[in-house]
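Asks: Need a 3D model of the following:
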Amino acid sequence: MNPKYRRLFITVIIVLTLGLATKLILMALEDNIVYFYTPNDLLEKFGNTQNIKNKIRIGGLVLESSVKKERDKTVFMITDRKKEVKVVFDGSLPDLFREGQGIVAEGIFKNSNFFASEVLAKHDENYMPPEVADALKKNNVWKGESN
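Replies: Sure, this is the predicted structure:
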């Protein structure tokens with residue numbers, strides 16, 4: 001085999017190997033990637049009717065007077081002051097969960113409702129999850145300290 005063709009053959013093998021390795025890594029990570037949305041982003045991107053089968057996170061403020069508890073199930077609205085999404089959570093909420101505060105919920109979006117498997121609340125008065133703070137700043141409703 002001529003040296004020119006040998007180099008070409010080796011280059012092609014290396015490129016194919018790197019491409020295959022990249023594909024395998026992305027396939028392995030696909031199940032572990034969790035996207036973050038605000039209510040406005042979620043409804044603009046997917047609309048009210050499209051179901052999202054993968055796990056996602058939604059963040060915003062718990063709407064005042066929207067929390068309704070029935071046994072272990074809690075239903076509330078989360079807002080970014082532009083749009084609202086109904087959240088259904090089956091389990092016990094964090095002790096710091098209350099109306100008007102920033103939260104992040106993880107779960108699936110189905111039939112225009114967000115079914116949360118986990119709800120994360122802020123841990124003190126000054127903390128806001130970075131994703132929620134950025135989304136509120138983008139929508140010009142941020143009321144915290146400016147960085």
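
Asks: Got the confidence number for N48?
Replies: With respect to pLDDT, N48 scores 59.

Asks: ok, now I33?
Replies: At I33, the pLDDT value in this model is 75.

Asks: buried residues in the longest strand belonging to the chain?
Replies: In the chain, taking DSSP state E as the definition, the longest strand is strand 52-62. Residues of strand 52-62 classed as buried by neighbour count (16 or more other Cβ atoms under 10 Å): 52, 55-62. Backbone N, C-alpha and C define where each C-beta goes, glycine included.

Asks: tell me what that strand is packed against?
Replies: strand 35-37, helix 39-46, strand 73-79, strand 84-90, strand 102-110, helix 130-138 (3 or more Cβ pairs under 8 Å, 6 or more residues apart in numbering; DSSP states H and E).

Asks: Check which residues of the helix or strand of the chain with the lowest mean pLDDT are buried.
Replies: When each helix and strand of the chain is scored by mean pLDDT, DSSP states H and E, helix 130-138 comes last, with a mean of 75. Buried residues in helix 130-138, defined by neighbour count with 16+ other Cβ under 10 Å: 131-133, 135-136.

Asks: before we move on, what about stretch 34-54?
Replies: Neighbour-count burial for stretch 34-54, counted by 16+ other Cβ under 10 Å, picks out 36-43, 52.
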